[in-house]
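Q: Got a predicted structure here, sequence first:
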Amino acid sequence: QVQLKESGGGLVQAGGSLSLSCEAFGSAFNFDAMGWYRQAPGHQRELVAGISIGASPNYADSVKGRFTISRDTASNTVSLHMNPLKPEDTAVYYCHGYVVKNNANYWGEGTLVTVSS
C-alpha cells in the first residue's frame with residue numbers, strides 16, 4: 001500500500017521560511033507527477049506547486065517567486081521550500097502523487113503551516 005508522508009510544517013512569523021518534505025512508502029514505482037496542495041479554513045484545496053518527470057515545475061500565481069519545489073526521483077521524495085511566507089499562506093499542506101498508468105492519485109495526510117503576522 002502506497003503512503004505519502006509529509007514533514008516540516010509548523011509555526012513561523014511572516015517573512016520567515018519553512019521547508020516541507022514528502023516521502024513515498026510502499027511504492028515500487030516513480031510517480032509521474034508529484035506536488036503540493038493546500039487548504040485553508042473555509043477554502044477549497046488548491047494546487048500550490050507541481051513537478052512532472054521531464055517537465056518544468058509549475059506554481060500557483062500566489063506563490064511564484066517565493067516557493068520552490070524540488071524532487072528526487074531516486075528516493076521518491078518531493079520538497080517545497082517557502083520563503084518569504086505570508087499570513088495568507090496559512091493552511092494544511094498536502095503532498096500529492098499521480099500515476100498515469102493507473103490514473104491513480106495518492107495523498108498524504110497533510111501538515112499544518114501557520115504564518116503569524
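A: Alright, I've got the coordinates.
Q: show me the contacts for the most centrally placed residue in the chain.
A: Closest residue to the average C-alpha location of the chain: W36 at 2.3 Å, with C-alpha atoms, centre = their mean. Contact analysis of W36 by C-beta atoms under 8 Å, 6 or more residues apart in numbering lists 20, 22, 47-50, 69, 78, 80, 93-96. For every residue, glycine as well, the C-beta is placed using N, CA and C.
Q: Now secondary structure and distance to Y59 too, for the residues you listed, in TSV please.
A: Listed next are the contacts of W36 as TSV, based on DSSP: H, G, I helix; E, B strand; the rest coil; distance: C-beta to C-beta, whole Å:
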residue	secondary structure	distance to Y59
L20	strand	14
C22	strand	17
L47	strand	9
V48	strand	7
A49	strand	5
G50	strand	8
I69	strand	7
V78	strand	14
L80	strand	10
Y93	strand	14
Y94	strand	16
C95	strand	16
H96	strand	14
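Q: What's the PyMOL line that selects buried ones from those residues?
A: In PyMOL, a selection of the buried entries from these looks like this (16 or more other C-beta atoms under 10 Å):
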select buried, resi 20+22+48+49+50+69+78+80+93+94+95+96
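Q: between the contacts of W36, which is closest to G110?
A: Of all the contacts of W36, Y94 has the smallest distance to G110: 4.7 Å, by C-beta to C-beta.
Q: can I assume the closest one is in contact with G110?
A: Yes - in this structure, Y94 is within contact of G110 by C-beta atoms under 8 Å, at 4.7 Å.
Q: Need the residues touching each of those two.
A: 6, 39.
Q: Point out where this structure drops to low pLDDT.
A: Applying pLDDT under 70 to the chain flags residues 28.
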